[in-house]
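In: Let me see the structure of the following:
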Amino acid sequence: MNEHTIRSVVILGGGTAGWMAAAALSRFLNNGVTRVTLIESEEIGTVGVGEATIPPLRTFNTMLGIDEHEFIRQTGGTYKLGIEFVDWGGLGERYFHPFGAHGHDLAGVHFHQLYLRERQRRVMPDISAWSMSAVAAQAGKFAPPAAQAQSAVKDLFYAYHFDAARYAAFLRRFAEQNGVQRIEGKVTAVAQRPEDGHVTALKLEDGQVVGGDLFIDCSGFRGVLIEETLETGYEDWRHWLPCDRAVAVPSAYAGDPDPFTRATARGSGWQWRIPLQQRMGNGLVYCSDFQQPEQAERELLANLEGEALAAPRHLSFTTGRRKRSWHRNVVALGLASGFIEPLESTSIHLVQSGIARLIALFPDRRFNPVERDEYNAQMDELYADVRDFVILHYKATRRSDTPFWDRCRTMSVPDSLARKIELFRAKGRVFRENRELFATTSWVSVCLGQHIVPDDHEPAVDALDEEKVAGALEEMRRGYLDVAARLPSHGDFLRHVAGRPAAPPPPPPTSPETPTFSFASESPFDFSADPL
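Out: The predicted structure follows:
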C-alpha cells in the first residue's frame with residue numbers, strides 16, 4: 001500500500017451488476033485499505049428480467065467460493081445446457097445451440113468439417129446429435145460430470161437459469177459479510193473536480209455526502225454518472241438490431257423444468273422462455289416500428305404455457321453501448337454501459353467481463369490513461385463480438401412473412417460479420433479472433449441451423465479415410481446417446497440438490513472405461529476458457 005492506493009470505491013446502483021461488482025471487489029481487493037460502498041434505493045428498484053446465463057458465470061461463482069448447490073437453492077435456479085431456437089431460419093423449424101463442443105476433432109481437422117463432408121455423402125442427423133449438452137437437453141437429463149469422468153460425459157457443459165433479484169440478494173449477503181457498506185438513498189447531486197472533471201462525491205437525498213476515488217456506475221439505462229454527469233455519449237446499433245421494446249411476465253407451469261432456454265421468433269421479434277424451479281420466465285422482445293405495446297402484451301400472454309403470475313412489465317431500450325465504458329474515474333457496468341438484447345444470454349456475462357477486466361487493470365489514484373485505454377479497447381472488442389453474433393440470428397433467416405423479417409433479411413451488416421458469413425459460406429471456416437466470446441460451436445450451430453450451408457469443406461478433410469471417419473462419427477453419436485440415457489432427469493437432480501447438505505461427500509472413484517455422474521457441487525471444468 002502507498003499514497004496512491006485507491007482508498008474508496010463507490011458503486012452507484014444495486015441489482016445484479018452492482019452486487020456482482022461489490023462481491024468481487026470485496027473478495028479480490030481485501031487489502032485492509034480499500035473500502036467498498038454501494039448506494040442503492042429500494043424505491044428505484046431494478047430491471048431484473050435477465051434470468052439465463054452462459055458457462056463462464058460458473059467461474060465467477062467458484063472464484064468467490066460459492067457452493068453451487070447452495071446457490072441453486074437460494075436463487076430458485078435450474079441448469080442450462082444451451083438454447084433452443086424456434087422459427088428463426090423459417091417457420092416450423094428449430095435448432096439447438098449447445099454449450100461445449102460438437103464431437104471431437106480428428107487428426108487436427110475440426111469436427112464440423114468432418115460433418116460437412118459426411119453430409120455430402122449421405123443423409124445426416126442435425127449436428128446437435130454430436131453434442132453431449134444438446135443430447136442431454138433434448139432428453140431432459142442433467143448431472144454435472146465427476147472429476148474422474150471419462151468418455152462422452154466430460155463433454156457436458158452447462159450454465160444456469162435463476163431469479164436475478166434473488167441472485168442479487170444472495171451476492172449482497174456475501175458482500176456485506178466481506179465488509180461492503182450499503183447505503184440506502186437517491187443521488188441528488190454529483191461533485192466533480194474542476195481541473196479534470198473526475199467525480200469526487202455523491203450527494204444523497206437525505207443530505208449525506210459519499211466521497212470516493214473510483215466510482216462504478218450501475219445505475220441502469222440512465223447512466224447517472226457515465227452519461228448524465230460525464231456525457232460520455234452512446235453508440236446506437238438499432239440499424240442492425242431494430243428491437244427496442246420488451247414486455248416480461250412470469251407464469252406458472254406444471255412438470256419438471258427443461259434444462260435449456262427457448263427463443264421463439266415471432267412476427268416482430270422473439271419470445272424467451274426460461275424455466276426456473278417455481279415459475280417460468282417469459283418475455284417478448286420486439287420492434288416498435290412494427291408492433292405496439294398493447295399488441296405485444298396480448299401476443300405474449302396468448303403464448304404462455306400457464307397462468308400469468310403478475311402484471312406484465314414493459315421496458316424500452318436502445319441497443320448499443322457507451323462510447324467509453326471507463327471515462328475519467330467512472331467505470332460503467334451493466335445497463336449503464338450498454339445493452340444487447342438477451343438472445344444469447346450475454347447480459348450478465350458482459351457485467352462479469354467488465355468486473356474481471358477492471359480487477360486486472362485496477363488503477364491507483366493517479367489513473368494512468370494506459371490502463372483506462374486498454375480496458376476500453378477490450379470492452380469494445382467484446383461488445384462488438386456479441387453484437388455481431390446476435391445480428392447473425394436476424395440476418396440469417398429465410399423468413400419473408402412479415403415486414404419485420406423482410407427488413408432483417410435484407411439489411412446490411414457490419415463488415416466484421418459479413419466477412420465471417422462469407423468465410424463460412426465458402427468452406428465452413430470459423431476463425432476466433434482476439435478475445436472473442438463465441439467460438440466454433442456457436443457459429444456452426446447458428447449458421448447451419450439457419451441455412452448458411454457451406455459450398456464445400458476444407459481440403460484437409462479429404463486426406464482422411466472416409467469409412468474410418470464415418471465409423472468414428474457413428475461411435476461418437478452412440479456414445480452421447482448412451483450417456484444421456486443413464487443421466488438422471490433434470491427434475492430428479494434438482495430435487496436431489498434441494499435436499500442435500502451444502503458440503504457433499506467426495507464422489508466414488510471411476511474407472512477409465514465407465515462414464516459416471518456425480519452429485520458433487522464442483523465440476524472439473526475451467527469454463528473461463530471453454531467454447532460456448
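
In: Spatially central, which residue of this structure would that be?
Out: Thr346 (2.8 Å; CA atoms, centre = their mean).

In: Low-confidence ranges, the protein, go.
Out: By pLDDT under 70, the low-scoring segments of the chain are 44-50, 151, 500-532.

In: where do the helices sit along it?
Out: Applying DSSP state H to the chain gives helices spanning 15-28, 56-63, 68-75, 111-121, 132-138, 164-177, 293-302, 347-360, 369-395, 403-410, 415-427, 440-449, 466-486, 490-499.

In: so what does the fifth one touch, helix or strand wise?
Out: If I follow you right, that is helix 132-138. strand 82-86, strand 94-98, helix 466-486 (3 or more CB pairs under 8 Å, 6 or more residues apart in numbering; DSSP states H and E). C-beta here means a position set from N, CA and C on the backbone, and glycine is covered the same way.

In: Tell me the buried residues in the longest one?
Out: Spelled out, it's helix 466-486. For helix 466-486, the neighbour count (16 or more other CB atoms under 10 Å) marks Val469, Ala472, Leu473, Met476, Arg477, Gly479, Tyr480, Val483, Ala484 as buried.

In: CSV please, covering those residues and showing distance to His161.
Out: Formatted as CSV, the buried residues of helix 466-486 follow (distance: CB to CB, whole Å):
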residue, distance to His161
Val469, 37
Ala472, 34
Leu473, 32
Met476, 28
Arg477, 28
Gly479, 27
Tyr480, 23
Val483, 23
Ala484, 20
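
In: Select, from the residues you listed, the two members most distant in space.
Out: Val469 and Ala484 (23.1 Å; CB to CB).

In: out of the buried residues of helix 466-486, which one sits closest to Arg117?
Out: Closest to Arg117, out of all of the buried residues of helix 466-486 and judged by CB to CB, is Val469, at 7.4 Å.

In: does that closest one really touch His104, like I thought?
Out: No - between Val469 and His104 there is no contact under CB atoms under 8 Å: 11.7 Å.

In: List the contacts of the residue nearest to Gln378 when sequence neighbours are not counted.
Out: Sequence neighbours aside, Arg357 is the residue nearest to Gln378 in space, at 5.5 Å (criterion: CB to CB, 6 or more residues apart in numbering). Going by CB atoms under 8 Å, 6 or more residues apart in numbering, Arg357 touches Tyr375, Gln378, Met379.

In: mind checking how far the last one is from Arg419?
Out: Read it as Met379. 22 Å (CB to CB, to the nearest Å).

In: can you check Tyr95 too?
Out: From Tyr95 to Arg419 the distance is 23 Å (CB to CB).

In: can you tell me how far the residue nearest to the residue nearest to the centre of the chain when sequence neighbours are not counted sits from Gly89?
Out: Ranked by CB to CB, 6+ apart and with sequence neighbours excluded, the top spatial neighbour of Thr346 is Val386, at 5.0 Å. Counting by CB to CB, the gap from Val386 to Gly89 is 21 Å.

In: Adding distance to Leu171, write the helices and strands packed on helix 132-138 out as CSV.
Out: Below are the helices and strands packed on helix 132-138 laid out as CSV (distance: least, CB to CB, whole Å):
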stretch, distance to Leu171
strand 82-86, 25
strand 94-98, 28
helix 466-486, 33
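
In: Glu294 is nearest to which of the ones you listed?
Out: Glu294 lies closest, by CB to CB, to one member of those: strand 82-86, at 24.2 Å.

In: quick one: strands adjacent to that closest one?
Out: With DSSP bridges as the test, strand 82-86 is paired with strand 94-98 (antiparallel), strand 261-266 (parallel).

In: Surely His393 is in contact with Val86?
Out: No - using CB under 8 Å, His393 makes no contact with Val86, being 12.0 Å away.

In: So for these two, which residue has more residues nearby?
Out: His393 (23 against 18; other CB atoms under 10 Å).

In: which residues touch the more buried one?
Out: Phe85, Trp88, Leu343, Val446, Gln450.

In: if I look at it, how far off is Ala296?
Out: Using CB to CB, His393 is found at 19 Å from Ala296.

In: returning to what we had before: which among the contacts of His393 gets closest to Ile11?
Out: Leu343 (27.8 Å).

In: Count residues in the vicinity of the residue nearest to that closest one when sequence neighbours are not counted, would you?
Out: Nearest residue to Leu343 in three dimensions, chain neighbours excluded: Val390, at 5.2 Å (CB to CB, 6+ apart). By the criterion of other CB under 10 Å, Val390 has 23 neighbours.

In: could the strands paired with strand 82-86 go into JSON lines alongside mean neighbour count?
Out: Written out in JSON lines, the entries for these read as follows (neighbours: other CB atoms under 10 Å):
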{"stretch": "strand 94-98", "mean neighbour count": "23"}
{"stretch": "strand 261-266", "mean neighbour count": "21"}
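
In: just checking, Thr346 touches Pro56?
Out: No - when contacts are counted by CB under 8 Å, Thr346 is not listed as touching Pro56 (10.0 Å).

In: wait, what's in contact with Leu230?
Out: Gly197, Val199, His327, Arg328, Val330.

In: Make a PyMOL selection of the buried ones in those.
Out: Here is the PyMOL command that selects the buried residues among the contacts of Leu230 (16+ other CB under 10 Å):
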select buried, resi 199+327+328+330
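
In: any idea which of the contacts of Leu230 is closest to Asp406?
Out: Closest to Asp406, out of all of the contacts of Leu230 and judged by CB to CB, is His327, at 38.8 Å.

In: Distance-wise, check the closest one relative to Ile83.
Out: 34 Å.

In: What residues does the nearest residue to Ala24 once chain neighbours are set aside make contact with?
Out: In this structure, Ala24 finds its nearest non-sequential neighbour in Ile355, 4.9 Å apart by CB to CB, 6+ apart. Residues counted as contacts of Ile355 (CB under 8 Å, 6+ apart) are Met20, Ala21, Ala24, Leu25, Phe60, Leu333.

In: ok, the residue nearest to Leu343 to Ile226 distance?
Out: 23 Å.

In: Gly281 too?
Out: For Gly281 relative to Ile226 (CB to CB), the value is 28 Å.

In: okay, these two: which has more neighbours?
Out: Ile226 (31 against 22).

In: wait, doesn't that one sit right on Cys218?
Out: No - the pair Ile226 and Cys218 does not pass the contact test of CB under 8 Å, sitting 10.0 Å apart.

In: okay, and the common contacts of Thr346 and Pro56?
Out: With CB under 8 Å, 6+ apart, Thr346 and Pro56 have no common neighbours.

In: Specify the beta-bridge partners of Leu214.
Out: Val9.

In: Okay, it and Val36: tell me how far apart.
Out: On the measure of CB to CB, Leu214 and Val36 end up 10 Å apart.
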